[in-house]
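**Student:** with the input below, show me the fold.
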Amino acid sequence: MNFKETVKKNFDEWQNRGFCQDAVELNNNVGKGYFDVANPHFFTGDIAAKLAFVHLNPKRNQKDWNSKCNYVDFEDYWAKYAQFGANTYGINSKRTHKSPFDLKQIRFLKPFGILPFNDDKYHDLEIVIDKKLQLELVPFGSPNFNYLEIDVKNLNPFVTRLLNLLMENKRDYVFFCGRVFLEILKKYIVKEKRHSFYLTKNDGSLTKSIFEAINIKLQLNNSEITACILPQYAKQGYPVSEYGKEVFNRYGQF
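**Tutor:** Residues are numbered from 1 along each chain as shown. Okay, the predicted model is just below:
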């Protein structure tokens, strides 16, 4: 079953039964209702993009769990995520949503020169979402994500599915957001190089904290892909553009 077929299977279950069987089984393996069993969120953007970010899962409080499916059909659901940037920030959108997270992505990615930014805020917000691929390791929402509580062995099926998708197309940059991915991906990492550095702040001084870019090579079956773990990507109040520059200068260096 390929990625789109997997997404459709989960969507159909949600639409017809009110829950996704994969989420039910994952919760059973964890031993409690850790994840929402409805409203799966697998990806955002372009599945074939040369730039990919991987996050753990959608953050979702329990009060928002078990929502009903209000999509017309699967194609409507797929299009929402494939064209989320255009629907949220495009010329025909209401343009009322200004996500700090999306603005942060622009600042981080500008040094890479891979996306066609033009310094028009809404254009760049649309581009940063629709011209890259964002993947959720686990497509089911939860308030928190404690891999020790979930157990890495329960995440392995999600890791292999994700790696298969990443390896289907040529990727220039693949980023895993969070140090926790070192443990989650451990059995697939065949090469690793840690780069540590300080960042230059706006006033010219250096950050007190050390930042890292952890380059890795991942192997699944006979395929291999280069990626980078960003341990401090979610950190607040740091010079994001400088982090992007430092990561860009070190990406792929082993």
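**Student:** in the stretch 51-200 of the chain, where is pLDDT below threshold?
**Tutor:** For the stretch 51-200 of the chain, applying pLDDT under 70 flags the ranges 97.
**Student:** now do the helices in it.
**Tutor:** With DSSP state H, counting those that start in this stretch as the criterion, the stretch 51-200 of the chain has helices at 74-82, 84-89, 100-109, 121-130, 147-150, 152-168, 181-184.
**Student:** would you format those as CSV with mean neighbour count and distance to D22 included?
**Tutor:** The way it works is simple: take the backbone N, C-alpha and C, and place the C-beta from them, glycine included. CSV is the format used below for the helices of the stretch 51-200 of the chain (neighbours: other Cβ atoms under 10 Å; distance: least, Cβ to Cβ, whole Å):
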stretch, mean neighbour count, distance to D22
helix 74-82, 16, 16
helix 84-89, 20, 22
helix 100-109, 17, 26
helix 121-130, 20, 25
helix 147-150, 14, 14
helix 152-168, 17, 9
helix 181-184, 18, 17
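**Student:** as TSV, those helices with distance to G31 would be great.
**Tutor:** Compiled in TSV, the helices of the stretch 51-200 of the chain are given as follows (distance: least, Cβ to Cβ, whole Å):
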stretch	distance to G31
helix 74-82	30
helix 84-89	33
helix 100-109	31
helix 121-130	35
helix 147-150	9
helix 152-168	10
helix 181-184	19
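**Student:** and these: which comes nearest T6?
**Tutor:** helix 152-168 (6.7 Å; Cβ to Cβ).
**Student:** can you give the contact residues for the closest one?
**Tutor:** 3, 6, 26, 29-30, 47, 52, 54, 135, 137-138, 147, 174, 183-188, 218, 220, 223-225, 227 (Cβ atoms under 8 Å, 6 or more residues apart in numbering).
**Student:** now it - C-alpha only, PDB.
**Tutor:** Presented in PDB, the C-alpha positions along helix 152-168 are these (Å, rounded to 0.1, in the frame of the first residue of the first chain):
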ATOM      1  CA  VAL A 152       9.900   3.200  20.000                       C
ATOM      2  CA  LYS A 153       8.900  -0.200  18.800                       C
ATOM      3  CA  ASN A 154       5.400   1.000  18.400                       C
ATOM      4  CA  LEU A 155       6.600   3.900  16.200                       C
ATOM      5  CA  ASN A 156       8.700   1.700  13.800                       C
ATOM      6  CA  PRO A 157       5.800   1.000  11.400                       C
ATOM      7  CA  PHE A 158       5.300   4.800  11.100                       C
ATOM      8  CA  VAL A 159       9.000   5.400  10.600                       C
ATOM      9  CA  THR A 160       9.300   2.800   7.800                       C
ATOM     10  CA  ARG A 161       6.300   4.300   6.000                       C
ATOM     11  CA  LEU A 162       7.700   7.700   6.300                       C
ATOM     12  CA  LEU A 163      11.200   6.700   5.000                       C
ATOM     13  CA  ASN A 164       9.700   4.900   2.100                       C
ATOM     14  CA  LEU A 165       7.900   8.000   1.100                       C
ATOM     15  CA  LEU A 166      11.000  10.200   1.500                       C
ATOM     16  CA  MET A 167      13.000   7.800  -0.600                       C
ATOM     17  CA  GLU A 168      10.500   7.700  -3.500                       C
END
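**Student:** chain center to that helix: distance?
**Tutor:** 13 Å (Cα atoms, centre = their mean, to the nearest Å).
**Student:** and if you look at stretch 126-142?
**Tutor:** 5 Å.
**Student:** now do the end-to-end distance for it.
**Tutor:** 26 Å (Cα to Cα, to the nearest Å).
**Student:** pull out the buried residues from that stretch.
**Tutor:** 126-142 (16 or more other Cβ atoms under 10 Å).
**Student:** quick check: Y173 vs L115, distance?
**Tutor:** 10 Å (Cβ to Cβ, to the nearest Å).
**Student:** which residues do these two both contact?
**Tutor:** L51.
**Student:** L199 is in contact with E242, correct?
**Tutor:** Yes - shown here, E242 and L199 form a contact pair, counting by Cβ atoms under 8 Å, at 4.2 Å.
**Student:** no further queries at this time; thank you.
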